[in-house]
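Asker: this one's structure only:
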């Protein structure tokens, strides 16, 4: 008991000290110390345990009574079993012959293909991953810690683990070598890292294109084209267009970042949907006329939805703007509304070419485009639909899409009837 308490105290000390500099290290340090306590308790011979108990400070009868009752209700072995099986990290203990000595429930969930009892099984029966065997081999043969990244094919998904293996003292196991491996699930961290890398790559690409055009025209002007009134006006117009594109992109990035950071507070209230749609149509009508696209407000004049007016206008603007940009010449956009008992649905339907079915699952991702060249040519940032998705969820609703090639696309915003104040969290 004394050694286990010492390990737990060390864990707490490690957590407090390391948290000041490196929180992740503090967590791993605390986990390692706790595991050390568990392993020590498991492997400590009974005579050493008795000696440690005899050296403890005597307690009064009043103090001993509740402890004795608790001890009788739950034995140390049962307590250890509960502790190990409640851990989120998978734990495997392997001896020098690569036989599994002990495991917890999380480890058995990782390797679900193994049926029956795990005790006295070879590690090769649990997994044939060479990196797992290599890590345990280093700990057992050389007495050194090992750390590897392991990928495991689960049920329908690939999970990634940070496996950390450490050698153990084994006085209670005939002086044979033991190794303890902990599987830390880093699947979500890996996925977030991929998203971050894709985001940085996309932002860099989106900014590089207009910047390249701006620099090229500036160099042309510097080389003498500035003295040609007709040429310099055309070039300045292109520079202005690309600068506006970068400005819109940065505005959308800041807007999306604020929403995902949870700093956007949505306060729904009764809003006249017909008036909001009319305002959006008035704003976008010139763009629609240039593409010979007609806009139809089919919302009833007395239709009421519960939303924050400015955010609702932003969502509808993004959807109608996309419907105009990706429509065909002489096409149309219809905005309609359906009221149900608990939810309202706002439909934005266009007569464009439609979206191929393989693109629909990813259509709301940041920077995702079905036709990249066309989207950039018409000035899209690739963030509009992502903003609509997050704002709809901030209202407690959702946005969906239905499309058929050659017929058109319909985006639907669903909003709850109840007017509740919502703080969005990503």
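Answerer: Happy to help now that I have it. Here the structure is a predicted model, which is why all the values come from computation and not from measurement. Numbering: from 1, shown residues only.
Asker: any idea how many residues pack against the residue nearest to residue 273 when sequence neighbours are not counted?
Answerer: Nearest residue to residue 273, sequence neighbours excluded (CB to CB, 6 or more residues apart in numbering): residue 303, at 4.5 Å. C-betas here are computed from N, CA, C, even on glycine. Applying other CB atoms under 10 Å, we find 19 residues neighbouring residue 303.
Asker: residue 303 contacts residue 276, correct?
Answerer: No. If you go by CB atoms under 8 Å, residue 303 and residue 276 don't touch, sitting 9.8 Å apart.
Asker: mind listing the strands in the stretch 301-426 of the chain by residue range?
Answerer: Along the stretch 301-426 of the chain, counting by DSSP state E, counting those that start in this stretch, strands occupy 304-307, 332-339, 343-350, 398-404, 408-416, 422-423.
Asker: and the third one, what other elements does it pack with?
Answerer: In this structure, strand 343-350 makes packing contacts with strand 304-307, helix 309-325, strand 332-339, strand 408-416, judged by 3 or more CB pairs under 8 Å, 6 or more residues apart in numbering; DSSP states H and E.
Asker: please apply the same query to the first one.
Answerer: If contacts are counted by 3+ CB pairs under 8 Å, 6+ apart, strand 304-307 sits against strand 269-272, strand 343-350, strand 408-416.
Asker: mind naming the longest strand for the chain?
Answerer: Taking DSSP state E as the criterion, the chain has its longest strand at strand 158-168.
Asker: what residues of the lengthiest helix in the chain count as buried?
Answerer: Counting by DSSP state H, the longest helix found in the chain is helix 187-222. For helix 187-222, the neighbour count (16 or more other CB atoms under 10 Å) marks 190, 202-203, 206, 210, 213-214, 217, 221 as buried.
Asker: just stretch 402-420 next, same as before
Answerer: Judged by neighbour count using 16+ other CB under 10 Å, the buried positions of stretch 402-420 are 403, 408-416, 419.
Asker: tell me the contacts of residue 305?
Answerer: With contact taken as CB atoms under 8 Å, 6 or more residues apart in numbering, residue 305 is in contact with 270-271, 273, 312, 337, 344, 346, 415.
Asker: how about the residues you listed in TSV, adding distance to residue 284 and pLDDT?
Answerer: Shown next, in TSV, are those (distance: CB to CB, whole Å; pLDDT from 0 to 100):
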residue	distance to residue 284	pLDDT
270	25	93
271	19	94
273	16	95
312	15	94
337	18	95
344	22	94
346	16	96
415	21	94
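Asker: closest to residue 252 out of those?
Answerer: For these, the minimum distance to residue 252 (CB to CB) is 17.7 Å, reached by residue 312.
Asker: any weak-confidence spans in the stretch 251-400 of the chain?
Answerer: 370-381 (pLDDT under 70).
Asker: show me the beta-bridge partners of the residue nearest to residue 158 when sequence neighbours are not counted.
Answerer: Leaving aside its sequence neighbours, residue 158 sits nearest to residue 151 (CB to CB, 6+ apart; 5.8 Å). With DSSP bridges applied, residue 151 shows beta-bridge pairing to residue 160.
Asker: thought residue 151 was touching residue 159?
Answerer: Yes. Assessed by CB under 8 Å, residue 151 is found in contact with residue 159 at 7.2 Å.
Asker: quick one: which of those two has more around it?
Answerer: More crowded of residue 151 and residue 159, by other CB under 10 Å: residue 159, with 17 against 12.
Asker: and the helix or strand following the longest helix of the chain, what other elements does it pack with?
Answerer: As assigned by DSSP states H and E, the chain's next helix or strand after helix 187-222 is helix 229-260. Counting contacts by 3+ CB pairs under 8 Å, 6+ apart, helix 229-260 packs against helix 187-222, helix 384-394.
Asker: quick one: the residue positioned nearest the centre of the chain and residue 198, what's the gap?
Answerer: Nearest to the geometric centre of the chain sits residue 192, at 5.3 Å (CA atoms, centre = their mean). Distance from residue 192 to residue 198, counting by CB to CB, to the nearest Å: 11 Å.
Asker: just residue 269 next, same as before
Answerer: Distance check for residue 269 against residue 198: by CB to CB, it reads 37 Å.
Asker: can you check residue 343 too?
Answerer: For residue 343 relative to residue 198 (CB to CB), the value is 33 Å.
Asker: run through the stretch 51-200 of the chain and note the low-pLDDT ranges.
Answerer: 51-82, 116, 118, 154-156, 169-175.
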